[in-house]
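A predicted structure for the sequence below; I have some questions about it.
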Amino acid sequence: MLECKAAMVSYTQANRARQALQQHGISSEIRRLEHLGPEGCGFVLAARADCGRVSALLSREGIPFRSPRGRT
């Protein structure tokens with residue numbers, strides 16, 4: 001199964017992203033708080049889907065994200 005990890009700035013943002021993905025049938029979970037580099041700390045959202053699909057859906061919802069520490 002494919003898994004995409006996305007770094008989110010806040011828990012609220014990660015929760016919004018999780019809900020948006022759920023509306024499209026993609027299961028995900030907010031896994032942990034970790035240091036994300038220059039942006040400081042944030043949350044990692046792990047989605048069970050292709051990263052391209054996750055990126056497109058979240059972009060449509062206006063939710064910015066990036067891969068945590070360069071990982072996908």
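All right, it came through fine.

Just give the number of residues close to Ile63.
18 (other C-beta atoms under 10 Å). Yep, even glycine has a C-beta here, placed from its N, CA and C like the rest.

which residues of this protein fall in helices?
Taking DSSP state H as the criterion, the chain carries its helices at 11-23, 51-60.

Of all the ones you listed, which one is nearest Arg32?
helix 11-23 (10.5 Å; C-beta to C-beta).

Quick check: which ranges of the chain have low pLDDT?
Applying pLDDT under 70 to the chain picks out residues 1, 34-41, 68-72.

Could you rerun that using 50?
70-72 (pLDDT under 50).

Kindly reformat the helices of the chain as JSON lines containing mean neighbour count and distance to Leu33.
Formatted as JSON lines, these follow (neighbours: other C-beta atoms under 10 Å; distance: least, C-beta to C-beta, whole Å):
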{"stretch": "helix 11-23", "mean neighbour count": "17", "distance to Leu33": "8"}
{"stretch": "helix 51-60", "mean neighbour count": "16", "distance to Leu33": "19"}
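
any chance of the ones you listed in TSV, plus distance to Arg66?
Output for the helices of the chain, formatted as TSV (distance: least, C-beta to C-beta, whole Å):
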stretch	distance to Arg66
helix 11-23	12
helix 51-60	10
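
what sits against Ser10?
Gly42, Phe43 (C-beta atoms under 8 Å, 6 or more residues apart in numbering).

tell me the contacts of Leu45?
Leu45 touches Lys5, Ala6, Ala7, Met8, Ala14, Ala17, Arg18, Ser28, Glu29, Ile30, Arg31, Phe65, counting by C-beta under 8 Å, 6+ apart.
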